[in-house]
Every structure is written in C-alpha cells, then in structure tokens.
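**Student:** predicted model, plus sequence, below.
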Amino acid sequence: MAIFSKTCEYAIRAVFYIAHKTVADGSRVGIKDIAAGIDSPELYLGKILQDLSRKGLISSAKGPHGGFFIEPAALKRPLSDIVEAVDGDSLFHGCGLGLKQCSEIKPCPLHNEFKDIRTRIFVLLNTTTIGEFNTELIDGLLSLKK
C-alpha cells in the first residue's frame, strides 16, 4: 500500500538517488541513470525532475558535463518539501476517505484514527531530511528499487 501518488514516489526516490550520487562522488546524474537507478519510466521522470528543479529542490546543468545534482543546503530540507511540491498538502490535511465534508464537527468513520496517522506521517516527513539516508545508500544498506 502506498500513501503517496506514483509521481510523488518517483520524486522522492529520484531526489534520494540524486543526493546519493552528489554526496558520494560529486557527480551530476542524467535522466537515464536516475530512471534505471529507481525503476521509473524515463519520460515521466523527466517531467518530474523539471518540476523539482523549477521548485528549487534539485539543481540541473546543461551541456556535456550536465545533469541533475543537489546543493548541500537542499540536503537539510525535510521530505515534506518534496511531498508538498508534488502532491500538495492534502496528505497532511485531507480526509482519509477523500470526503470534502469531513471535519471535527462532522467526521467521517475514519476521521479520528486517520487524524492520528496523518499527524505521525506529518512529523516523520517534517523531521526527516533529504540527506539523512545518504550513508546507508552509499553503504548499500538501503535500496531505491522495487
């Protein structure tokens, strides 16, 4: 079960992959390498990466030594920045059943339980940074492929 959209899943995995490559050897990474590294469709990933670059989460350079990379300051940004850039904030504020009328006054059947889960996810994504998993990725302890 996934809590993020497919686009958001690819975005998070791509940012982790780019951060890993940037920190490991200072390299810039091309779309083909990223797509292969995270098992994502190349064309779809290209659109995601352009959007993330426009929003300042990753950087890109054109030319023969171009590619995607991440600035050191971006490694300190929380994962919630990626989620909000791609999916908005509905994960943090929306109804677990997708109802528009769900509220504290008129809750859906899952409201109270989902509110607790949503709060835990919010805390996790706001306290976990983009660069936090680099050591484990470099050491091969974590995977970005399904």
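**Tutor:** Thanks, I have the structure now. Owing to the predicted nature of the structure, the values given are computational and were not obtained by experimental measurement.
**Student:** does anything pack onto the strand or helix carrying residue 137? Which helices or strands?
**Tutor:** Assigned by DSSP states H and E, residue 137 belongs to helix 134-138. Secondary-structure packing of helix 134-138 (3 or more C-beta pairs under 8 Å, 6 or more residues apart in numbering; DSSP states H and E): helix 6-25. Any C-beta I mention is one placed from the backbone N, CA and C, and that applies to glycine too.
**Student:** residue 14 versus the most far-flung residue of the chain relative to its centre, what's the distance?
**Tutor:** Centroid-distance maximum for the chain: residue 105 at 32.7 Å, with C-alpha atoms, centre = their mean. Counting by C-beta to C-beta, to the nearest Å, the gap from residue 105 to residue 14 is 40 Å.
**Student:** again with residue 102
**Tutor:** Residue 102 is 32 Å from residue 14, by C-beta to C-beta.
**Student:** looking at these two, which one has more neighbours?
**Tutor:** Using other C-beta atoms under 10 Å, the more surrounded residue of residue 102 and residue 14 is residue 14, with 26 against 19.
**Student:** what pLDDT does that one get?
**Tutor:** The per-residue pLDDT reported for residue 14 equals 96.
**Student:** for residue 131, which non-adjacent residue is spatially closest?
**Tutor:** residue 75 (3.0 Å; C-beta to C-beta, 6 or more residues apart in numbering).
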